[in-house]
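In: for reference, the sequence and a predicted model appear below.
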Amino acid sequence: MSPTFSSLSIRNYRIYAAGAFVSNIGTWMQRVAQDWLVLQLTHSGTALGITTGLQLLPALLLSPIAGVVADRCPKRTILRLTQLAMALPAVLLGVLAVTGVVQAWHVYVIAFVFGVATAFDAPARQSFVVEIVGKEDLANAVGLNSASFNSGRMIGPAVAGVMIAALGSGVIATGWVILINAASYVAVFISLNLLDNARLRPSPVMGNRKGAIRDGIRYVRSRPDLVLILMCVFFVGTFGMNFQMTSALMATDVFHKGAGEYGILGSIMAVGSFGGALLAARRTKPRLAMVVVAGLSFAVLEIIAGLMPNYLSFALILPLLGLSALTMVTSANAMIQMTSSAHMRGRVSALYLMVFLGGTPFGSPLIGWIGEAYGARWTLFVGGAMSMVGIAAATAYYWHKQGLHRSQLRTAAHDIRVSYTHRTRPRPVHPVM
């Protein structure tokens, strides 16, 4: 089998990936339908931003607790419960929309509840992959998971758009699409039950002792490589990866295009993201340097995108932007999973998701205000510049903590890597003074 798809040779992973692929399509269908529903009810971009913020806020507030739960309980049990916890709000919202009684505040509350379930699902799901494939195939599996997510990103919105249009483009139409997403969680639930227990490699379950969140934070602080990864992901995720907003502003305000042309931009970027995920799947040992270089490449490309003179040139650079973003995110995720101690993996994954997603409710309004005050191009200039400065500061911190001498700095860019034999051994946790 091709190295790109080596994880698919593992029966448990094939079953798990099939269920996740169905759910990814459903998730992207609901995202489109929920946004359209909010606009139909309120005709307000602000209301749309509130809905997105409420859905992402639990990732910022609850991820540390969710990470402890992932380390303390069997991950497959958590995932079964979270599928139910995500399906029920989708059913409720779909029924409210289909019956025509839905109101904006219903969407706000349900989006927040859905976000709570997602906050507990994500760290368990991230750290469960290594139990299915083992460390030798983990980088490949993470890349394929990203490819699956971006395949859903290409398929789901298209299917949702066609369905909503075919059903009349109103509130009721969005309800039927949301109900399809609710049904998609059944595929994940079934796949979890079909996994062969004898072939799983469960991580040790942490005891119920106090200070688990504090121990997780202390563990990350004692690992300069993990701090570097989290800082890179924070700056790019918070200030750089606001693609839906920046692309919409560029398409409408700068190039004077309509909704159709804006939708094409999203699909074009998804193609680049899909390619980046497949390239990442070929790497068996992602390096720390890849996270830094891909992040800096993303920052430079985002600034260049802001300089593009017309719609066509802007569209042509988007696949490169998507490829660099996914390369950084996938490499960072794989390294988090591969180099963290087994008893800490859930908490470290939760912190990763918290910094990656938790900054969005704060970064998006700031970038949006910059676009409104100074123009759409400045959303890309500022996003790229903030990402570049943040990654540079994180790299300087890493070099400082590693104690590099001046003579070593010239070769550091080629030698930022993790010693896998050292990192995969459990390390004692010491307080950082």
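Out: Great, that's in hand.

In: give me the pLDDT for the residue nearest to Ile268 when sequence neighbours are not counted.
Out: Distances taken as Cβ to Cβ, 6 or more residues apart in numbering place Leu318 nearest to Ile268, at 4.9 Å, with adjacent residues excluded. For glycine as for every other residue, the C-beta is placed from the backbone atoms N, C-alpha and C. Predicted confidence (pLDDT) for Leu318: 91.

In: distance of Leu318 from Val159?
Out: 22 Å (Cβ to Cβ, to the nearest Å).

In: the two: which is more packed in?
Out: In this view Leu318 and Val159 are compared by other Cβ atoms under 10 Å, and Leu318 has more residues nearby, 25 against 17.

In: break this protein down into its structural domains.
Out: Split into domains by automatic domain parsing, the chain comes to 1-208, 212-433.

In: just list what whichever helix or strand the residue nearest to Ile268 is part of packs against, helices and strands only.
Out: Per DSSP states H and E, Leu318 falls inside helix 311-339. Here helix 311-339 touches helix 104-133, helix 138-166, helix 224-235, helix 259-281, helix 288-307, helix 345-358, helix 420-423, going by 3 or more Cβ pairs under 8 Å, 6 or more residues apart in numbering; DSSP states H and E.

In: in stretch 334-354, what counts as buried?
Out: Buried residues in stretch 334-354, defined by neighbour count with 16 or more other Cβ atoms under 10 Å: 334-354.

In: should've said stretch 66-83
Out: Applying 16+ other Cβ under 10 Å to stretch 66-83 flags 66-72, 74-76, 78-79, 82-83 as buried.

In: ditto for stretch 287-301
Out: For stretch 287-301, a neighbour-count test (16+ other Cβ under 10 Å) marks 288-299, 301 as buried.

In: for the helix ranked longest in the chain, give the mean pLDDT please.
Out: Criterion DSSP state H: the longest helix present in the chain is helix 11-42. In this model, helix 11-42 carries a mean pLDDT of 90.

In: helix 138-166 and that helix, what's the angle between them?
Out: If you take axes from the mean of the first three to the mean of the last three Cα atoms, to 10 degrees, helix 11-42 sits at 40 degrees to helix 138-166.

In: can you name every helix or strand that helix 11-42 contacts?
Out: With 3+ Cβ pairs under 8 Å, 6+ apart as the test, helix 11-42 has helix 45-72, helix 75-98, helix 104-133, helix 138-166, helix 171-194 packed against it.

In: put together a markdown table for the buried residues of stretch 66-83, with pLDDT on each row.
Out: Listed next are these as a markdown table, based on pLDDT from 0 to 100:
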| residue | pLDDT |
| --- | --- |
| Ala66 | 87 |
| Gly67 | 84 |
| Val68 | 85 |
| Val69 | 88 |
| Ala70 | 85 |
| Asp71 | 83 |
| Arg72 | 84 |
| Pro74 | 89 |
| Lys75 | 90 |
| Arg76 | 92 |
| Ile78 | 94 |
| Leu79 | 95 |
| Thr82 | 96 |
| Gln83 | 95 |
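
In: what's the closest of those residues to Ala277?
Out: Leu79 (21.4 Å; Cβ to Cβ).

In: may I ask you to confirm that that closest one is in contact with Pro123?
Out: No: with contact defined as Cβ atoms under 8 Å, Leu79 does not reach Pro123; the gap is 10.6 Å.

In: how close does the residue nearest to Ile268 sit to Leu48?
Out: Look at Leu318 and Leu48: by Cβ to Cβ, they are 22 Å apart.

In: what does Ile217 give?
Out: 34 Å.

In: of these two, give the one with the bigger neighbour count.
Out: Applying other Cβ under 10 Å to Ile217 and Leu48 shows that Leu48 carries more neighbours, namely 18 against 14.

In: for the stretch 251-400 of the chain, which spans come out with low pLDDT?
Out: Low-confidence segments of the stretch 251-400 of the chain, defined by pLDDT under 70: 258-260, 262-263, 284, 358, 361.

In: Pro319: what's it in contact with?
Out: Going by Cβ atoms under 8 Å, 6 or more residues apart in numbering, Pro319 touches Ile268, Met269, Val271, Gly272, Gly275.

In: could you do Gly115 as well?
Out: Leu54, Gln55, Leu56, Leu57, Pro58, Ala59.

In: neighbours of the fifth one, how many?
Out: The criterion is other Cβ under 10 Å. On that basis, Pro58 has 22 neighbouring residues.

In: for it, what are its contacts?
Out: Pro58 touches Phe112, Gly115, Val116, Thr118, Ala119, counting by Cβ under 8 Å, 6+ apart.

In: correct me if wrong: the third one contacts Leu62.
Out: Looking back up the chat, that one is Val116. Yes: using Cβ under 8 Å, Val116 is in contact with Leu62, at 6.5 Å.

In: which residues does stretch 76-86 contact?
Out: So stretch 76-86 is contacted by 69-70, 114, 116-118, 120-121, 124-125, 128, 185, 188-189, 192-193, 195, 200 (Cβ under 8 Å, 6+ apart).

In: quick one on the thing from earlier: include distance to Gly363 when you put the buried residues of stretch 287-301 into TSV, please.
Out: What follows is the buried residues of stretch 287-301, written out as TSV (distance: Cβ to Cβ, whole Å):
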residue	distance to Gly363
Leu288	24
Ala289	25
Met290	24
Val291	19
Val292	20
Val293	22
Ala294	19
Gly295	15
Leu296	18
Ser297	20
Phe298	15
Ala299	14
Leu301	18
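
In: nearest spatial neighbour of Gly216, skipping sequence neighbours?
Out: Arg347 (3.2 Å).

In: got the contact list for the one you found?
Out: Arg347 is in contact with Pro64, Gly67, Val68, Ala70, Asp71, Pro123, Ala212, Ile213, Asp215, Gly216, Tyr219, counting by Cβ under 8 Å, 6+ apart.

In: gap between it and Gly115?
Out: For Arg347 relative to Gly115 (Cβ to Cβ), the value is 20 Å.

In: repeat for Thr52
Out: Taken as Cβ to Cβ, the span from Thr52 to Gly115 is 10 Å.

In: for Phe255, give me phi and psi.
Out: Main-chain torsions, Phe255, degrees, to the nearest 10: phi -100, psi -10.

In: count the neighbours of it for me.
Out: Neighbours of Phe255 using other Cβ under 10 Å come to 18.

In: do the same with Ala332
Out: 28.

In: which residues touch Ala187?
Out: Counting by Cβ under 8 Å, 6+ apart, Ala187 has contacts Ala18, Gly19, Val22, Ser23.

In: local confidence estimate at it?
Out: 95.

In: excluding sequence neighbours, find me the nearest residue to it.
Out: Nearest residue to Ala187, sequence neighbours excluded (Cβ to Cβ, 6+ apart): Val22, at 3.9 Å.
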